[in-house]
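>>> Sequence plus predicted model, see below.
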Amino acid sequence: MTVVTRFAPSPTGFLHIGGARTALFSYLYAKRHGGKFLLRIEDTDRERSTQAAVDAIFEGMAWLGLHADAEPVYQTQRFDRYKAVIAQMLEAGTAYYCYCTKEELEQMRNEQMARKEKPRYDGRWRPEPGKQLPPVPAGVQPVVRFRNPAHGKVVIRDLIKGEIVFDNAELDDLIIARADGTPTYNFCVVVDDMDMGITHVIRGDDHVNNTPRQINIFRALGATPPQYAHVSMILGADGAKLSKRHGALGVMEYRAMGFLPEAMLNYLVRLGWSHGDQELFTRQEMIEKFDLDHVSASPARFDMEKAYWVNHQYLKTAPLHAVVPEFDWHLRRLGLDPAQGPAIEDVIRAQRERCRTLLEMAEKSRFFYAELSGYDEKDAAKHLTAESADLLEALVGILAALPAWTATSLHAAITGFAESRGLGLGKVAQPIRVAVAGMAVSPPIDQTLFLLGRERTLARLAAAVRYVRGQS
RNA sequence: GCUCCUAUCGUCUAGAGGCCUAGGACGGAGCCCUCUCAAGGCUUAAACCCGGGUUCGAAUCCCGGUAGGAGCGCCA
């Protein structure tokens, strides 16, 4: 049997981190077993679903490279099918009409809560042999309820949490079609999972309580339920639930923060899943090694520091062709023109070891692509002094006369100059750094000047000299 | 309230009864290297929620507490 998994977000917002991890697990599990990974848009709630959210989800999935193996399924395009199944269930007696109004239901719940009972439908419209149903009220559009088995137990062999047992007596008859005829979530999920041939449902553990109901519907339909794997949720750094109000960010915001998609995937896969002591996985390794046995059943906190570390590992080692487009995107985002400076491959090579994110890299590389807007105040005060102005002035002459503008010749020239003055390299390099980069941090000074080019270097050195002298 | 889930360093985790003096990673501390920032190397502090069982032996199995969480919609 081929494994078929799916990711089924409801388009009410962007693709957040928890959803992305669920999608990743589903994707990996399918790939691991040579199966298919499908996408389904659960948009039956027309009030809250938006096209913008659908697009945002696709955008996030695309950025992460989580491609589905077929066109996405939209629930709103399957209403005819749902209607047919509901008719069939009504016919078979596994579903029935219920004429309770929302107000009656509300009252029922309140009374039950007051009695400290679990709020549930009392089954007043549920047909039973020999039972007298209430008279059908005029002007009430009925909903359709699923006739859940009254007795027995539902046993879920969850691939992550193990055996979970629910008593059918705990389950009430859920609504599968609203008064306006539109189907509801738990019902659509079953019909879709059945029709799509889903073999493994990997989803957030906020769905465990829905699972027995869904299994019962599967059975009422004469279908075999898929296997389930409920992944625990991701908490914020403080251990509190992630929500829009509380630190839940869309994956695209992580892009803006300077994460590489592969790094994001790697951080996410290790959040809850492990393979011995291994921390870093290529996508291929994830596919080869991912399994549900080693997915943790307990919730995990999102640790930004660790995420940064993973990203840094990727920044340092990823093939340039994977970094270039992302870095280019960040440069432009800062209003910089990548054409107005050194080749970005060279800048990445020079910067990758010293930046945890692409955003940081772009900010630290600004001086390669744009004129200085000023000097860092502290750095200038410390390094752009009267003495260093003399050094810089001398350097302008030396560097202008350099036969070749290469890192090697620059290195020789600068160290030679420092020695001739009886100074440590730092005494010379730091003022140069502030002069050309505007701050006391940059790649090795020979690299920096080489990448910046002769013209810009000399001009900035001279400008720094003027700056110092103009101040006093 | 009811049902269900979870519980190893601050964080992510390894651990499937003896291999555990509980391992790795992030972060922290210290040292080395060094033109800045990094990177790298070395060292170090830091955890089995509590209580009972089962067993020759428990972080691992069972029960009970405690704590956290999820669900209880004509939302998904």
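Now that the structure is in, tell me what you want to look at.
>>> pretty sure A:Met361 is touching A:His312, no?
No - in this structure, A:Met361 is not within contact of A:His312 by C-beta atoms under 8 Å, at 10.4 Å. From N, CA and C alone the C-beta is placed, and that goes for glycine too.
>>> Please identify which of the two sits among more neighbours.
Higher neighbour count among A:Met361 and A:His312: A:Met361, with 24 against 19, using other C-beta atoms under 10 Å.
>>> Look at the residue in the stretch 201-350 of chain A positioned nearest to RNA strand B and give its secondary structure.
Proximity of the stretch 201-350 of chain A to RNA strand B (C-beta to the nearest atom of the strand) peaks at A:Ser298, 3.0 Å away. Here A:Ser298 is recorded as coil under DSSP: H, G, I helix; E, B strand; the rest coil.
>>> can you pull the contacts of it?
A:Ser232 (C-beta atoms under 8 Å, 6 or more residues apart in numbering).
>>> what about it, distance to A:Leu235?
Noted for A:Ser298: a distance of 10 Å to A:Leu235, by C-beta to C-beta, to the nearest Å.
>>> Which residue ranges make up the domains of chain A?
A:4-71+A:234-307, A:76-231, A:371-471 (automatic domain parsing).
>>> So which of these is nearest A:Arg352?
Of all the domains of chain A, domain A:371-471 sits nearest to A:Arg352, with 9.8 Å by C-beta to C-beta.
>>> Establish whether the closest one and RNA strand B are in contact.
Yes - Domain A:371-471 comes into contact with RNA strand B (C-beta under 7 Å from any atom of the strand), by way of A:411, A:424-426, A:429-430, A:433, A:440-446.
>>> Now neighbour count, distance to A:Ala459 and secondary structure too, for these, in CSV please.
Formatted as CSV, these follow (neighbours: other C-beta atoms under 10 Å; distance: C-beta to C-beta, whole Å; DSSP: H, G, I helix; E, B strand; the rest coil):
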residue, neighbour count, distance to A:Ala459, secondary structure
A:His411, 17, 21, helix
A:Gly424, 10, 26, coil
A:Leu425, 14, 23, helix
A:Gly426, 12, 24, helix
A:Ala429, 22, 19, helix
A:Gln430, 17, 19, helix
A:Arg433, 23, 16, helix
A:Ala440, 17, 20, coil
A:Val441, 12, 21, coil
A:Ser442, 25, 17, coil
A:Pro443, 22, 19, coil
A:Pro444, 14, 21, coil
A:Ile445, 22, 17, helix
A:Asp446, 19, 18, helix
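>>> Common neighbours of A:Met361 and A:His312, please.
Common contacts of A:Met361 and A:His312 (C-beta under 8 Å, 6+ apart): A:Cys355.
>>> for the residues of domain A:371-471 next to RNA strand B, which one is nearest A:Asp172?
Here the nearest of the residues of domain A:371-471 next to RNA strand B to A:Asp172, counting by C-beta to C-beta, is A:Val441; it sits at 63.3 Å.
>>> how much space between the residue lying closest to the closest one once chain neighbours are set aside and A:Ile348?
Excluding its sequence neighbours, the residue lying closest to A:Val441 (C-beta to C-beta, 6 or more residues apart in numbering) is A:Lys364, at 6.8 Å. Distance of A:Lys364 to A:Ile348, given as C-beta to C-beta: 12 Å.
>>> list the contacts for the closest residue to A:Leu452 other than its chain neighbours?
Spatial nearest neighbour of A:Leu452, excluding adjacent residues (C-beta to C-beta, 6+ apart): A:Val436 at 5.8 Å. Shown in contact with A:Val436 (C-beta under 8 Å, 6+ apart): A:Phe367, A:Ser442, A:Thr448, A:Leu449, A:Leu452, A:Arg456, A:Thr457, A:Arg460, A:Leu461.
>>> Next, A:Val436: secondary structure please.
Three-state call for A:Val436 (three-state DSSP): helix.
>>> Quick check: phi and psi at A:Cys100.
Dihedral pair for A:Cys100: phi -70, psi 140, per degrees, to the nearest 10.
>>> That one and A:Trp125 touch, don't they?
Yes - in this structure A:Cys100 lies within contact range of A:Trp125 using C-beta under 8 Å: 6.7 Å.
>>> Show me which of those two is the more surrounded one.
Legend: neighbour count by other C-beta under 10 Å for A:Cys100 and A:Trp125, higher for A:Cys100 (21 against 18).
>>> per-residue pLDDT, that one?
On pLDDT, A:Cys100 comes in at 92.
>>> Roughly how far does it sit from A:Glu455?
Where A:Glu455 is concerned, A:Cys100 sits at a distance of 81 Å (C-beta to C-beta).
>>> With A:Gly152 instead?
Applying C-beta to C-beta to A:Gly152 and A:Glu455 gives a distance of 83 Å.
>>> go on, A:Ser442?
A:Ser442 is 18 Å from A:Glu455, by C-beta to C-beta.
>>> repeat for A:Ala297
In this view, A:Ala297 and A:Glu455 are 61 Å apart by C-beta to C-beta.
>>> ok, back up a step: out of the domains of chain A, which gets nearest to A:Arg356?
With C-beta to C-beta, the closest approach to A:Arg356 among these belongs to domain A:4-71+A:234-307: 7.7 Å.
>>> residue ranges for the helices of the stretch 101-250 of chain A, please.
Counting by DSSP state H, counting those that start in this stretch, one finds helices in the stretch 101-250 of chain A at the ranges A:102-114, A:185-195, A:211-220.
>>> next one: the stretch 351-472 of chain A
Secondary structure of the stretch 351-472 of chain A (DSSP H, counting those that start in this stretch): helices located at A:358-364, A:366-369, A:377-383, A:386-400, A:407-420, A:425-437, A:445-452, A:454-471.
>>> Would you mind giving those as CSV with mean pLDDT added?
Shown next, in CSV, are these (pLDDT from 0 to 100):
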stretch, mean pLDDT
helix A:358-364, 97
helix A:366-369, 97
helix A:377-383, 93
helix A:386-400, 95
helix A:407-420, 95
helix A:425-437, 96
helix A:445-452, 97
helix A:454-471, 93
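>>> Format these as a markdown table; extra columns: distance to A:His16.
As requested, those are arranged in a markdown table below (distance: least, C-beta to C-beta, whole Å):
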| stretch | distance to A:His16 |
| --- | --- |
| helix A:358-364 | 20 |
| helix A:366-369 | 31 |
| helix A:377-383 | 39 |
| helix A:386-400 | 50 |
| helix A:407-420 | 44 |
| helix A:425-437 | 37 |
| helix A:445-452 | 38 |
| helix A:454-471 | 43 |
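>>> Low-confidence regions, chain A specifically.
Within chain A, the ranges that satisfy pLDDT under 70 run A:243-247, A:472.
>>> One more pass at 90, please.
Within chain A, the stretches with pLDDT under 90 are A:1, A:12-14, A:44-49, A:110-119, A:131, A:138-139, A:235-250, A:469-472.
>>> how about the strands of it, start to end?
Secondary structure of chain A (DSSP state E): strands at A:4-7, A:36-41, A:73-74, A:95-98, A:143-146, A:153-158, A:162-167, A:175-177, A:200-204, A:227-231, A:234-235, A:300-301.
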